[in-house]
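Undergrad: Sequence first, then the predicted structure, then my questions.
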Protein chains: 2
Amino acid sequence: MVLFKPIKTSRASEDVFVQLKTSILSGTFKSGSKLPSERELTEMFEVSRGVIREAIRMLELSGFLSIRQGHGGGAYVTDLTLSHVSNAFLDLFQTNTLSMAEVAQVRMFIEPEVARLAAINFTPAHAQQIDEAEAREHGTYQSLTDQIACLTTVHKVLANICGNQFFEAIVRSMLKITAEMVQKVVPDPYALHGPGEHIQLIKAVKAGDGPKAEAEMHRHLKDFMISMVKLEKEYRQQMKAQP
Amino acid sequence: MVLFKPIKTSRASEDVFVQLKTSILSGTFKSGSKLPSERELTEMFEVSRGVIREAIRMLELSGFLSIRQGHGGGAYVTDLTLSHVSNAFLDLFQTNTLSMAEVAQVRMFIEPEVARLAAINFTPAHAQQIDEAEAREHGTYQSLTDQIACLTTVHKVLANICGNQFFEAIVRSMLKITAEMVQKVVPDPYALHGPGEHIQLIKAVKAGDGPKAEAEMHRHLKDFMISMVKLEKEYRQQMKAQP
DNA sequence: AACTATTTGTTCGTATGTATG
DNA sequence: GCATACATACGAACAAATAGT
């Protein structure tokens, strides 16, 4: 059914990349299954191993493959994760083309809506997720990275509960950018906001009160994002010095 | 200043990829400049050409490099484009994990706001952009692809005028997904909406009337996205058959 | 614990394709 | 047309990791 052909003679790796990618997308190679070995692929595509390896690296970077070495190893097809998708935005921010003011504007527009949807969508089944996030937030941290992760968990969970993966991916992108910045320039994130900040928000979501959740999220983000915008200059300088 | 070291013995390509990427991000290699040749890079990192080539392919895929062959060729550092960033979402949609209903929900929430911002932000300097988009929309098309591109230009231009690149990237992602679907299952996009659809919207933006632009965009998207959601099933089937 | 088979990871030598001057 | 400089591609080999015997 699927005919693998080495069409282009010059940039063969891109060719192989596209063909394997469409094969995965169309379900020829399903999630969890193993791609043919590099040796087999060289025979199927009639190209050298180098070309195959370049294509596989590209597929791996795109988030389609997970590669294991050794006996029984190989390239296994994996489900795309939202993390993979949101990574691209971090690059955009780090190249100076995207400003924190822009991120703040989008966050303040989207996250209140996400909170509202989460409240509307909330069922007791979600309670555990939220409770865990809250517990994590009030717990102790092992590192700065850990501390930041804990403080963003609530946002992540709400984005998940809202039931829209596109919203979720956008929120995660913004969180990633914000977290990256906080990590570089803020010695103690508690200086920005304490663990009590989310209490009212969580209460509103649990009560299924959409408008209240929306308002609480907006209030919560307002001051925080203003300080983030202020800290950006510091971040940019630090990135120039030691990335 | 920058010390290139072959740290990891296994998976060296990822190591080289990260090091080159951070070098680009920190400004060691600026946009437009040329990376050292493959031969030079092998000496700098003390790894083989294969490793270097894999790393370069990854950087190229991420949108950091543009590679030219021949004398004076090499890997040139390029600015990240919004197209590159928005591509990731298309993958997510095509893997069935993201539904058109989700895309529609986000479009209907975000694009009216984008239209509002565009109206507020509008200056006579933007008039030409809009006029060109409108002219393209009412012109003649050479192909289906061309036709779809013309009908989405207005949305793209408004996203650009709104002045927030994050919004712009999100909008472009959604347009890309929608366009991909339309191209596969709709023989004539005119069946969905004619070229007159954007007239009121454009008028409102040009007048700087934010609320009107917002309302017009919402009205315009409403019926369109409903039909998109209906067409999704057809698209999924077609993708299974011939991707 | 040692051996083997399989598969990815890495290297080198060589040859070809492509664009510039 | 020719020489140059670069990416592109191939093939054969060896190294390292890992699962099973």
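TA: Alright, I've got the coordinates. Numbering: from 1, shown residues only, chains lettered A, B, ... in the order given.

Undergrad: measure the spatially closest residue to residue A:101 that is not a sequence neighbour to residue B:31 for me?
TA: Distances taken as CB to CB, 6 or more residues apart in numbering or on different chains place residue A:229 nearest to residue A:101, at 5.1 Å, with adjacent residues excluded. Where C-beta positions appear, they are placed from N, C-alpha and C, glycine not excepted. Per CB to CB, to the nearest Å, residue A:229 is found 25 Å from residue B:31.

Undergrad: With neighbour numbers in mind, choose between these two.
TA: Using other CB atoms under 10 Å in any protein chain shown as the criterion, residue A:229 and residue B:31 rank with residue A:229 on top: 16 against 13.

Undergrad: can you count the residues close to the residue lying closest to residue A:89 once chain neighbours are set aside?
TA: Among residues not flanking residue A:89 along the chain, residue A:173 sits closest, at 4.0 Å (CB to CB, 6+ apart). Using other CB under 10 Å, the number of residues around residue A:173 comes to 27.

Undergrad: Can you classify residue A:173 by secondary structure?
TA: Look at residue A:173: counting by DSSP: H, G, I helix; E, B strand; the rest coil, its state is helix.

Undergrad: Check the spacing between residue A:239 and residue A:187 real quick.
TA: Counting by CB to CB - residue A:239 and residue A:187 are separated by 17 Å.

Undergrad: more neighbours, those two?
TA: For residue A:239 versus residue A:187, neighbours defined as other CB under 10 Å are more numerous around residue A:239 (19 against 7).

Undergrad: in the one helix or strand the more buried one maps to, what's buried?
TA: In the assignment (DSSP states H and E), residue A:239 maps to helix A:210-241. For helix A:210-241, the neighbour count (16 or more other CB atoms under 10 Å in any protein chain shown) marks A:210, A:212-218, A:220-221, A:224-225, A:228-229, A:231-232, A:235-236, A:239 as buried.

Undergrad: what's the answer for stretch A:118-130, then?
TA: A:118-122, A:126, A:129-130.

Undergrad: Name the nearest residue to residue A:231, sequence neighbours excluded.
TA: residue A:185 (5.3 Å).

Undergrad: Going along the chain, name the strands of chain A.
TA: Assigned strands in chain A, in chain order: A:65-68, A:74-77 (criterion: DSSP state E).

Undergrad: which of these is buried the deepest?
TA: Ranked by mean neighbour count, the strands of chain A are led by strand A:74-77 with a mean of 19 (mean count of other CB atoms under 10 Å in any protein chain shown).

Undergrad: That strand packs against which elements?
TA: helix A:49-62, strand A:65-68 (3 or more CB pairs under 8 Å, 6 or more residues apart in numbering or on different chains; DSSP states H and E).

Undergrad: Now tabulate those in JSON lines and tack on mean pLDDT.
TA: Below are the helices and strands packed on strand A:74-77 laid out as JSON lines (pLDDT from 0 to 100):
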{"stretch": "helix A:49-62", "mean pLDDT": "97"}
{"stretch": "strand A:65-68", "mean pLDDT": "96"}
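
Undergrad: would CSV of the ones you listed with distance to residue A:85 be doable?
TA: Putting these into CSV (distance: least, CB to CB, whole Å) gives the following:
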stretch, distance to residue A:85
helix A:49-62, 10
strand A:65-68, 16
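
Undergrad: For the residue most central in space within chain A, give me its contacts.
TA: For chain A, residue A:83 is the residue whose C-alpha lies nearest the centre (CA atoms, centre = their mean; 2.6 Å). Contacts for residue A:83 (CB atoms under 8 Å, 6 or more residues apart in numbering or on different chains) come out as residue A:172.

Undergrad: contacting residues for the closest residue in space to residue A:175 that isn't next to it in sequence?
TA: Once flanking residues are discounted, residue A:175 sits nearest to residue A:152: 4.9 Å by CB to CB, 6+ apart. Neighbour list for residue A:152: A:175, A:178-179 [criterion: CB under 8 Å, 6+ apart].

Undergrad: For the residues you listed, give me a markdown table that also has distance to DNA strand D and neighbour count.
TA: Listed next are those as a markdown table, based on distance: CB to the nearest atom of the strand, whole Å; neighbours: other CB atoms under 10 Å in any protein chain shown:
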| residue | distance to DNA strand D | neighbour count |
| --- | --- | --- |
| A:175 | 31 | 22 |
| A:178 | 34 | 22 |
| A:179 | 29 | 17 |
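
Undergrad: Present those residues as CSV; the columns should include pLDDT.
TA: Formatted as CSV, the contacts of residue A:152 follow (pLDDT from 0 to 100):
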residue, pLDDT
A:175, 97
A:178, 95
A:179, 94
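
Undergrad: from the residues you listed, which is closest to chain B?
TA: residue A:178 (12.2 Å; CB to the nearest CB).

Undergrad: now residue A:117, nearest residue through space, not along the chain?
TA: residue A:162 (4.0 Å).

Undergrad: What's the local residue count around that neighbour?
TA: Neighbour number of residue A:162 under other CB under 10 Å is 24.

Undergrad: same check, this time on residue A:202
TA: With other CB under 10 Å as criterion, residue A:202 counts 20.

Undergrad: Please apply the same query to the one 3 residues further on.
TA: Other residues near residue A:205 number 31, with proximity taken as other CB under 10 Å.

Undergrad: Would you mind confirming that it is in contact with residue A:120?
TA: No - between residue A:205 and residue A:120 there is no contact, the gap being 9.3 Å when judged by CB atoms under 8 Å.

Undergrad: So which residues of chain A form helices?
TA: A:12-25, A:38-45, A:49-62, A:82-94, A:100-121, A:124-138, A:144-161, A:165-185, A:199-206, A:210-241 (DSSP state H).

Undergrad: buried ones in the first one?
TA: Of the residues in helix A:12-25, A:12-17, A:19-21, A:23-25 count as buried by neighbour count, 16+ other CB under 10 Å.

Undergrad: From those, pick the one nearest DNA strand C.
TA: residue A:12 (11.0 Å; CB to the nearest atom of the strand).

Undergrad: The residue of chain A found nearest DNA strand D: neighbour count?
TA: Here chain A gets closest to DNA strand D at one residue, residue A:70, 2.0 Å apart by CB to the nearest atom of the strand. Neighbour count for residue A:70, taken as other CB under 10 Å: 6.

Undergrad: ok, now the one 10 residues further on?
TA: Counted with other CB under 10 Å, the burial measure for residue A:80 works out to 21 neighbours.

Undergrad: again, but for residue A:176
TA: 17.

Undergrad: Hmm, it is touching residue A:89, no?
TA: Yes - counting by CB under 8 Å, residue A:176 does reach residue A:89; the two are 7.2 Å apart.

Undergrad: quick one, domains of chain A?
TA: Per automatic domain parsing, the domain ranges recorded for chain A read A:12-77, A:83-241.

Undergrad: Is there proximity between the shortest one and DNA strand C?
TA: This means domain A:12-77. Yes - interface with DNA strand C: domain A:12-77 contributes A:35, A:37-39, A:49-50, A:53, A:56, A:67-75 (CB under 7 Å from any atom of the strand).
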